[in-house]
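sequence and predicted structure are below.
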Amino acid sequence: MRPQRWRRNATSRVPRFSLLVPLLGFVAGGVWGVITTGVDQALSSSAWLADDPDFQAFRDPSRAVIESVGPPMLTFIGVVFSLTLVAVQMAAENLTPRVVRLFMQSRVTKTALALFLGTFFYTLVVRYLSLHVEDKKGRENEFVPFLSGFSTMVLVACCVLAFIAYVQHTLRLMRLTEVVDLLMRETLKSVHVVRALSRTREPAGDEWRGVEHEVCHAGQPGVLIGLHRKALVRDAARNKCGLRLLARTGDYLVPGSPLYVVYETGDRPVRRPGHFRRHIRTGSERGSVEDVAFGLRQLVDIGLRALSNSVNDPTTAVQVLDRIQVVLTACARVPWGDIEYRDRTGAVRLVERAPTWDDLVVLGCEEMLVHCGPAPQVTRRFAALLHDLEALAPPDRRPVVTGYRERLEEHVEHAFPEPERRRFAAVPDRQGIG
């Protein structure tokens, strides 16, 4: 499997393995504690260091450092965890609950937590093993935790730096501009993934004339987050059949939901049409790797919350429209619609459903237009978005944009009865009102 495809497959499963890095840090702390204690035991047992006063002088300071770090570190972890919960709650309330996954997938958060847990467990292991060695050897040959004490001080310094980075990263995620920029970048990556997949698309043909078998979802309820396309094409070629996906990435599947159709194109029937399910992945929530619509959905949700009567923040809505324009502009020249995948012989083996250009424009503009209300800042920015998008889109993709521009003009006419305000609200302005 290519590294790029491995990253795409793995990223969709990140929320399931959010505790893997902290657990690895916890285990690494214990292993390093065993190693450093063994090295200190060997140094303490050596004849040329046993009577060295400079080496023996490290005994009490090292023990004091190790004993003072362990218990407070557990309290420190509790403070960090509480800070994370507060940040997640504020982001979910002020933006959208779907941004919680940004905290779950944050590498800074998981790395910092792994370092904190590893330091805590390291001090416990070192303290336990040092007491065990001292009881075993007796007081005539006392144990000097030289390397263990030095490692503890290094880990504490790393924890302080990690905590500073963690606080800065958490505060950034609590800012609106950082969140919408991160969502925009993720969505643009998804657009690049779809563009790469669309290279394999060919003009639709009528190659499947055999018997059809509709297969329904039989697993646990969940969201379709991805599929292993090469494996599906390979198995379909082996069985001399074709697959047409009925579900689209991001659809929520329940047992009995139509999943795909198997077309028998060969001389022998397909014995187990349902075995293709193993190459389809589902999860508890939508992912941003192969789902462009999900990125737009999150941006629109933030914009709708800003336009609600309880918040009434048109400036935030303008910032969201800025990012929606970036995403739609990137999508303007990407092939959308059904994507066909062929085997080595050139036969179509898999047809995947993908959103169309009209679907993406509707997703990015419909609800924002309905809820923009009598806010001239929003209408002016919306007019600029549609004007620029209409100029950049290919001719065959302009009708849907033109339709929304005309609907925006009708909305301005009804929302602003006074002619002077109506003219002001209809002027395209990329900054809204300055």
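Received it, and whenever you're ready, just let me know what you need.

how about the strands in this structure?
For the chain, the strands defined by DSSP state E cover 212-216, 222-227, 241-245, 252-253, 258-264, 280-283, 339-342, 348-352.

which stretch among these comes nearest residue 361?
strand 339-342 (19.1 Å; Cβ to Cβ). Placement of C-beta: from N, CA and C, glycine included.

so where do the helices sit in the stretch 251-400 of the chain?
292-307, 314-331, 357-371, 376-392, 398-415 (DSSP state H, counting those that start in this stretch).

which one, of the ones you listed, ends up nearest to residue 42?
By Cβ to Cβ (comparing all of those), the closest turns out to be helix 292-307, at 55.4 Å.

tell me what the closest one is packed against?
Other helices and strands packing on helix 292-307, by 3 or more Cβ pairs under 8 Å, 6 or more residues apart in numbering; DSSP states H and E, are helix 176-198, helix 314-331, helix 357-371.

give the buried residues for the shortest one.
Which is helix 357-371. 357, 359, 360, 361, 362, 363, 364, 365, 367, 368, 369, 371 (16 or more other Cβ atoms under 10 Å).

again, but for stretch 217-229
Neighbour-count burial for stretch 217-229, counted by 16+ other Cβ under 10 Å, picks out 217, 223, 224, 225, 226, 227, 228, 229.

out of these, who's nearest residue 297?
Of all the buried residues of stretch 217-229, residue 297 sits closest to residue 223, with 12.1 Å by Cβ to Cβ.

where's the closest one relative to residue 374, distance?
Separation of residue 223 from residue 374 (Cβ to Cβ, to the nearest Å): 37 Å.

would TSV of the strands of the chain with distance to residue 144 and mean pLDDT be doable?
Listed next are the strands of the chain as TSV, based on distance: least, Cβ to Cβ, whole Å; pLDDT from 0 to 100:
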stretch	distance to residue 144	mean pLDDT
strand 212-216	68	83
strand 222-227	54	85
strand 241-245	66	87
strand 252-253	61	90
strand 258-264	65	86
strand 280-283	52	85
strand 339-342	65	83
strand 348-352	65	86
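
how about a markdown table for the ones you listed, with distance to residue 160 added?
Shown next, in a markdown table, are these (distance: least, Cβ to Cβ, whole Å):
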| stretch | distance to residue 160 |
| --- | --- |
| strand 212-216 | 55 |
| strand 222-227 | 38 |
| strand 241-245 | 51 |
| strand 252-253 | 44 |
| strand 258-264 | 51 |
| strand 280-283 | 36 |
| strand 339-342 | 50 |
| strand 348-352 | 49 |
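
can you tell which of those is closest to residue 319?
That would be strand 222-227 among the strands of the chain, by Cβ to Cβ, at 27.8 Å.

name every strand pairing with that closest one and say which way it goes.
Strand pairing for strand 222-227, using DSSP bridges, gives strand 252-253 (antiparallel), strand 280-283 (antiparallel).

export the ones you listed to JSON lines and tack on mean neighbour count and distance to residue 98?
Shown next, in JSON lines, are the strands paired with strand 222-227 (neighbours: other Cβ atoms under 10 Å; distance: least, Cβ to Cβ, whole Å):
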{"stretch": "strand 252-253", "mean neighbour count": "17", "distance to residue 98": "14"}
{"stretch": "strand 280-283", "mean neighbour count": "18", "distance to residue 98": "14"}
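
quick one: low-confidence residue ranges for this structure.
In the predicted model, the chain carries pLDDT under 70 at residues 1-18, 47, 49-51, 134-142, 197-211, 266-267, 288, 434.

let me see the domain layout of it.
3-174, 185-190+289-333+356-426, 197-283 (automatic domain parsing).

among those, which comes closest to residue 348?
domain 197-283 (5.4 Å).

which one is residue 349 nearest to, not counting chain neighbours?
residue 236 (3.9 Å; Cβ to Cβ, 6 or more residues apart in numbering).

residue 115 and residue 425: what is the separation?
53 Å.

out of the domains of the chain, deepest packed?
Of all these, domain 185-190+289-333+356-426 carries the top mean neighbour count, a mean of 19, counting by mean count of other Cβ atoms under 10 Å.

quote the end-to-end distance of stretch 414-431.
23 Å (Cα to Cα, to the nearest Å).

hmm, who's touching it?
Here stretch 414-431 makes contact (Cβ atoms under 8 Å, 6 or more residues apart in numbering) with 318, 322, 373-374, 376, 379-381, 383-384, 387, 409, 412-413.

and what of stretch 367-378?
By Cβ under 8 Å, 6+ apart, the list of residues contacting stretch 367-378 reads 300, 303-304, 307-308, 314-315, 317-318, 320-321, 324, 379, 382, 404, 407-408, 411, 415-416, 421, 424-425, 432-433.

with stretch 390-410 instead?
329, 332-333, 357-358, 361-362, 365-366, 369, 379, 382-383, 386-387, 389, 426.

mind saving the C-alpha coords of that stretch as CSV?
C-alpha atoms of stretch 390-410 as CSV (Å, rounded to 0.1, in the frame of the first residue of the first chain):
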residue,chain,number,x,y,z
GLU,A,390,-19.6,33.0,-11.5
ALA,A,391,-16.5,34.5,-13.3
LEU,A,392,-14.2,31.6,-12.4
ALA,A,393,-16.5,28.6,-12.9
PRO,A,394,-16.5,26.9,-16.3
PRO,A,395,-19.5,27.9,-18.5
ASP,A,396,-21.4,24.6,-17.9
ARG,A,397,-21.2,25.1,-14.2
ARG,A,398,-22.3,28.7,-14.0
PRO,A,399,-26.1,28.2,-14.1
VAL,A,400,-26.4,27.1,-10.5
VAL,A,401,-24.2,30.1,-9.4
THR,A,402,-26.3,32.5,-11.5
GLY,A,403,-29.5,31.1,-9.9
TYR,A,404,-28.2,31.9,-6.4
ARG,A,405,-27.1,35.4,-7.5
GLU,A,406,-30.6,36.0,-8.7
ARG,A,407,-32.1,34.6,-5.5
LEU,A,408,-29.8,36.8,-3.5
GLU,A,409,-31.0,39.9,-5.4
GLU,A,410,-34.6,38.8,-4.6
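
can I get stretch 304-318 in PDB, CA atoms only?
Taking C-alpha atoms only, stretch 304-318 is exported to PDB below (Å, rounded to 0.1, in the frame of the first residue of the first chain):
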ATOM      1  CA  LEU A 304     -25.500  29.400  10.700                       C
ATOM      2  CA  ARG A 305     -24.700  29.700  14.400                       C
ATOM      3  CA  ALA A 306     -23.300  33.100  13.800                       C
ATOM      4  CA  LEU A 307     -26.400  34.200  11.900                       C
ATOM      5  CA  SER A 308     -28.800  32.900  14.600                       C
ATOM      6  CA  ASN A 309     -30.900  35.300  16.600                       C
ATOM      7  CA  SER A 310     -29.100  34.200  19.800                       C
ATOM      8  CA  VAL A 311     -25.600  35.000  18.500                       C
ATOM      9  CA  ASN A 312     -26.200  37.600  15.700                       C
ATOM     10  CA  ASP A 313     -22.600  37.900  14.700                       C
ATOM     11  CA  PRO A 314     -22.500  38.900  11.000                       C
ATOM     12  CA  THR A 315     -18.700  39.400  11.000                       C
ATOM     13  CA  THR A 316     -18.200  35.700  11.800                       C
ATOM     14  CA  ALA A 317     -20.600  34.800   9.000                       C
ATOM     15  CA  VAL A 318     -18.500  36.900   6.600                       C
END
